[in-house]
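1. Below are the sequence and a predicted model for it; my questions follow.
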Amino acid sequence: MSADLALQQALRARLVATPAVTALVPADAILDRHHRPAPSPCIVLGETQEVDTGTSLQRRHTRIYHTVHVWVREPSTEGGKAIGAAIRAALRAGRLDLGAGLHCADQRLSSARYLRDPDGETTHGVLTIEALVVETGA
């Protein structure tokens, strides 16, 4: 399995297993899909970028930037920011389990932006989760 797919699956598993997240967003509204979300609120697992860290000649270290989108129909950005804070706390709960052959050496919420959607009714949070993944060869 690719490192970015393993990260995405582990990230969703962590979010749906974290009561502070599911208190704000139902587990069935934590999604991986291409079209604009219908449920409100929802979390959409988004795009990824993999970058070779260049830290070893074996090329086993990859930094992955995973975008997570938060959507909330609300009159302010308060709910979106609360969901972002819950995601940050979920990431701090321990390293993500990526399965055999991969090790998540570090993960963090490295950036978050909260935007007012042009529809005038929706907050759109764009969060970047950064993870350092090591191929273990197992």
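-> Ah, there it is.
2. How is R113 assigned, secondary-structure-wise?
-> Counting by DSSP: H, G, I helix; E, B strand; the rest coil, the backbone at R113 sits in strand.
3. Provide a list of residues in contact with it.
-> Neighbouring residues of R113 by Cβ atoms under 8 Å, 6 or more residues apart in numbering: G125, V126, L127. For every residue, glycine as well, the C-beta is placed using N, CA and C.
4. what do you get for Y65?
-> T48, Q49, V51, S110, T128, I129, E130.
5. Wasn't it part of a strand?
-> Yes - judged by three-state DSSP, Y65 forms part of a strand.
6. so which helix or strand takes in the residue nearest to it when sequence neighbours are not counted?
-> Distance criterion Cβ to Cβ, 6 or more residues apart in numbering; nearest residue to Y65, sequence neighbours excluded, is Q49 at 4.5 Å. In the assignment (DSSP states H and E), Q49 maps to strand 42-52.
7. helices or strands up against that strand?
-> Under the contact definition 3 or more Cβ pairs under 8 Å, 6 or more residues apart in numbering; DSSP states H and E, strand 42-52 sits against helix 3-16, strand 30-31, strand 61-73.
8. And the buried ones among the contacts of Y65, selectable in PyMOL?
-> Applying 16 or more other Cβ atoms under 10 Å to these, the buried members can be selected in PyMOL as follows:
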select buried, resi 48+128+129+130
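9. Mind checking which residue lies nearest the centre of this protein?
-> When Cα atoms, centre = their mean is applied to the chain, the residue found nearest the centroid is V68 (4.5 Å).
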